[in-house]
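>>> Sequence and predicted structure are below.
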Amino acid sequence: MCTLSVVPYQDSIVISVNRDELRSRVESHHMETNSEYCYPVDEESRGTWLGAHAEGVVFAILNRYQDENAQPGQISRGGIIPILLKADESVSLVRLKDYFRLSDFSPFDCVRVDRYSVEIASWDGVQLDVQRKQLPLCLTSSSERLDEVRRYRYQLWEHFRAQGELSPQRVLNEFHTITSEAHPRDSVRVDRPLTHTKSISQVVINAHQVDFRYWPEWALATSSRLNEGDATSHRFCYADVD
């Protein structure tokens, strides 16, 4: 379960991701970082759900629960993004089949974002469909009552979009951190007996740098709003080639 949004803001592209997981699942305790890429490491799979490349490319992955008849995969989907980050950062998701035997994975949506385009590759267990999307964009998944939950969250998204500019701070604190008292199970920031929003991340790409911020589980528990000082941060700087 996750919710991802991608919005343009001034000269930047802002990618924000809620990671929804079992309360019992071990939280990511560190970021894998080097001069080329960074990502929070899932302590169980050793993979990730979100990663950024130093050249201004971001990859994210969401589970597809709508393909319920697909055969379960034998390899964690968390291993996909680290391999893509180590490949040529300009690779299109059309080439996923060149890097993976997709039948090894349960269904997923893989998102690739740079300053100029957004691609979504959807693997349903049988076929790979790759599409380009317009901004702003919201994508969400849920392990229960998928159609109902998506309908509720997309209504929240459309209402949020209509209220003002889509600044990084507003996207976080007025959309990604919101839990409705009336609908906690369906909210963007999920609150269920066995699962909840485990972390929230945001990546901002502009012509000069990539900023990655990661708020872990404890940071979400201390306040309804995210504090900059509670985030684990990493920045890549590069020359604008335009």
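Received it, and whenever you're ready, just let me know what you need.

>>> So which residues of this protein form helices?
Remark: helices assigned in the chain by DSSP state H are 80-86, 96-99, 146-161, 168-171, 217-222.

>>> Now the longest one: buried residues?
Going back to what we said before, that points to helix 146-161. Neighbour-count burial for helix 146-161 flags 146, 149-150, 152-153, 156-157, 160 (criterion: 16 or more other CB atoms under 10 Å). In this view, the C-beta of every residue, glycine as well, is placed from N, C-alpha and C.

>>> Which neighbouring elements make contact with the lowest-mean-pLDDT helix or strand in the chain?
One helix or strand of the chain scores below all others by mean pLDDT, DSSP states H and E: helix 217-222, with a mean of 87. Packing contacts for helix 217-222, counted by 3 or more CB pairs under 8 Å, 6 or more residues apart in numbering; DSSP states H and E, involve strand 195-205.

>>> and the strand it packs on, average pLDDT?
Strand 195-205 shows a mean pLDDT of 96 in the predicted model.

>>> Ok, stretch 77-84 next?
Average pLDDT, stretch 77-84: 95.

>>> Next: stretch 32-52.
For stretch 32-52, the per-residue pLDDT values average out at 93.

>>> Outside of that stretch itself, list whatever touches it.
Here stretch 32-52 makes contact (CB atoms under 8 Å, 6 or more residues apart in numbering) with 2, 15, 17, 19, 25-31, 53-54, 58-62, 76-82, 84-86, 199, 201, 203, 205, 210, 212, 214, 232, 234, 236.

>>> Quick one: buried ones out of those?
2, 15, 17, 19, 28, 31, 53-54, 58-62, 77-82, 84-85, 199, 201, 203, 205, 210, 212, 214, 232, 234, 236.

>>> which regions of the chain sit below the pLDDT cut-off?
1, 68-70, 88-89, 239-242 (pLDDT under 70).

>>> hang on, the earlier thing: would you list the buried residues of helix 146-161 in a markdown table and tack on distance to Val94?
Output for the buried residues of helix 146-161, formatted as a markdown table (distance: CB to CB, whole Å):
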| residue | distance to Val94 |
| --- | --- |
| Leu146 | 26 |
| Val149 | 30 |
| Arg150 | 26 |
| Tyr152 | 32 |
| Arg153 | 28 |
| Leu156 | 32 |
| Trp157 | 27 |
| Phe160 | 32 |
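
>>> and which of the residues you listed is nearest Pro107?
Leu146 (12.1 Å; CB to CB).

>>> Surely the closest one touches Asn63?
No: Leu146 lies out of contact with Asn63 (CB atoms under 8 Å); the separation is 10.5 Å.

>>> In contact with Glu217, which residues?
Listed by CB under 8 Å, 6+ apart, the contact partners of Glu217 are 27, 198-199.

>>> can you do 10 Å?
Neighbouring residues of Glu217 by CB atoms under 10 Å, 6 or more residues apart in numbering: 19, 21, 23, 25-28, 196-200.

>>> how about the helices of the chain in CSV, adding distance to Ser180?
Shown next, in CSV, are these (distance: least, CB to CB, whole Å):
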stretch, distance to Ser180
helix 80-86, 30
helix 96-99, 36
helix 146-161, 8
helix 168-171, 17
helix 217-222, 16
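
>>> which stretch among those helices comes nearest Thr179?
Comparing the helices of the chain under CB to CB, the one sitting nearest is helix 217-222, at 10.0 Å.

>>> how about that closest one: buried residues?
So for helix 217-222, counting by 16+ other CB under 10 Å, buried means 217, 219-220.

>>> Ser187: which of these is nearest?
Nearest to Ser187, judged by CB to CB, of these is Leu220 at 12.7 Å.

>>> what about that closest one, distance to Leu194?
According to CB to CB, to the nearest Å, Leu220 stands 17 Å off from Leu194.

>>> for Asn173, same thing?
Taking CB to CB, one finds Asn173 at 26 Å from Leu194.

>>> Noted, bye for now.
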